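Enquirer: model this:
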Amino acid sequence: MSLTWRFSRLADGTPRLRVTATGATIEHLAQCTPIPARHRPAGGDWQALLTFTGADACLEAAATLTSSVDPELANAGERIRPALDRLDAAYSSRQRAGQDTDRPVLDDAALRSAVRARAAATAPSGALVVDELGLGAVRADVAVLTTGQWAGIELKGATDTLTRLPRQVAGYSAVFDHCELVTTAEHAEHAAALLPDWWQLTVVTRAPGDNPAVPRLDVIRSGSVNPTPDGYARAQLLWRGEALAELTALGADRGLRSARRSELWQALAGRLDAGQMRAAVTCRLAGRVGWLTDDGRSRSSRGT
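Expert: Purely as a prediction, here's the structure:
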């Protein structure tokens with residue numbers, strides 16, 4: 001039976017307490033806290049991880065643990081408050097030293113706005129810049145599409161988790177030529193281990209005195225070209241009518257006019273390589289009417 005904890009600060013200085021327990025301690029945690037634990041294997045045992053964010057939540061957790069009947073938890077709870085006090089003191093010292101600990105947490109809207117502004121400034125003329133582009137089971141936060149190159153950008157702010165990142169990486173990697181994760185310093189190290197080598201990793205930073213609504217986007221790992229884009233995955237961005245029109249233009253629609261979308265996508269993937277598919281799909285997306293909202297979000301990735 002064991003219990004450990006670790007204190008850290010979010011970008012705005014909010015304290016965060018992570019409590020990790022193994023063995024019988026898990027049962028006590030389950031009984032004395034309303035916050036669900038994330039469980040994961042830890043050798044031959046199970047490990048529970050609970051995260052409390054904010055001073056009030058951390059102190060409530062301390063009180064809860066202190067009141068537990070388990071002596072080990074009680075001992076831990078008695079030491080949580082002093083640890084919080086030490087964290088406050090260290091944080092205040094860093095503030096006085098002029099370090100950038102007083103940055104506010106960047107909200108999702110500001111992060112998306114910054115990434116979109118960069119995309120608009122660097123994208124080739126005529127590029128489609130689309131928010132929330134559907135890729136089947138996942139959505140690309142920001143996509144920059146041209147006939148010659150597709151780029152997908154995933155955003156992970158300070159309040160996000162990386163739980164879904166592996167599935168999102170798989171979805172992006174099937175479709176885009178270039179992929180990038182834009183995240184905060186808190187997530188960077190863990191995220192880097194989850195990304196393929198060719199993904200770009202960018203960290204949101206802000207120095208003292210910076211405009212809180214305009215974050216800096218610092219590339220800490222450059223990306224390269226996707227070695228294995230999937231033509232079929234790209235074909236899935238087409239509505240059924242668009243896929244059939246492409247096959248008709250290729251003279252390959254015989255016997256397929258009543259086929260299901262998946263059959264049309266498969267037929268196209270058999271006729272076009274990944275680069276040709278990218279060009280064909282981009283032209284179809286550019287020709288859609290009423291597909292995007294006023295703020296650039298896709299209304300649907302599937303049509304008739």
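Enquirer: So, low pLDDT: which residues of the stretch 201-304 of the chain?
Expert: For the stretch 201-304 of the chain, the stretches with pLDDT under 70 are 206-213, 293-304.
Enquirer: what about the helices in it?
Expert: Here the stretch 201-304 of the chain has its helices, by DSSP state H, counting those that start in this stretch, at 231-235, 240-249, 261-271, 274-286.
Enquirer: packing partners for the longest one?
Expert: Helix 274-286 is packed against strand 128-134, helix 231-235, helix 240-249, helix 261-271, with contacts defined by 3 or more C-beta pairs under 8 Å, 6 or more residues apart in numbering; DSSP states H and E. Backbone N, C-alpha and C define where each C-beta goes, glycine included.
Enquirer: Now tabulate those in CSV and tack on distance to A174 and mean neighbour count.
Expert: Listed next are the helices and strands packed on helix 274-286 as CSV, based on distance: least, C-beta to C-beta, whole Å; neighbours: other C-beta atoms under 10 Å:
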stretch, distance to A174, mean neighbour count
strand 128-134, 13, 20
helix 231-235, 4, 22
helix 240-249, 17, 18
helix 261-271, 12, 19
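Enquirer: how about the ones you listed in a markdown table, adding distance to V144?
Expert: Shown next, in a markdown table, are those (distance: least, C-beta to C-beta, whole Å):
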| stretch | distance to V144 |
| --- | --- |
| strand 128-134 | 5 |
| helix 231-235 | 15 |
| helix 240-249 | 20 |
| helix 261-271 | 23 |
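Enquirer: now the strands for this structure?
Expert: Secondary structure of the chain by DSSP state E: the strands cover 2-9, 15-22, 38-42, 45-53, 128-134, 139-145, 150-156, 178-183, 200-205, 216-221.
Enquirer: mean pLDDT lowest for which of these?
Expert: Note on the strands of the chain: lowest mean pLDDT is at strand 38-42, with a mean of 44.
Enquirer: I'd like the distance between the nearest residue to A233 once chain neighbours are set aside and A192.
Expert: Distance criterion C-beta to C-beta, 6 or more residues apart in numbering; nearest residue to A233, sequence neighbours excluded, is A174 at 3.8 Å. Separation of A174 from A192 (C-beta to C-beta, to the nearest Å) stands at 21 Å.
Enquirer: Quick check on these two: which one has the bigger neighbour count.
Expert: Taking other C-beta atoms under 10 Å, A174 and A192 do not tie; A174 has more neighbours (20 against 14).
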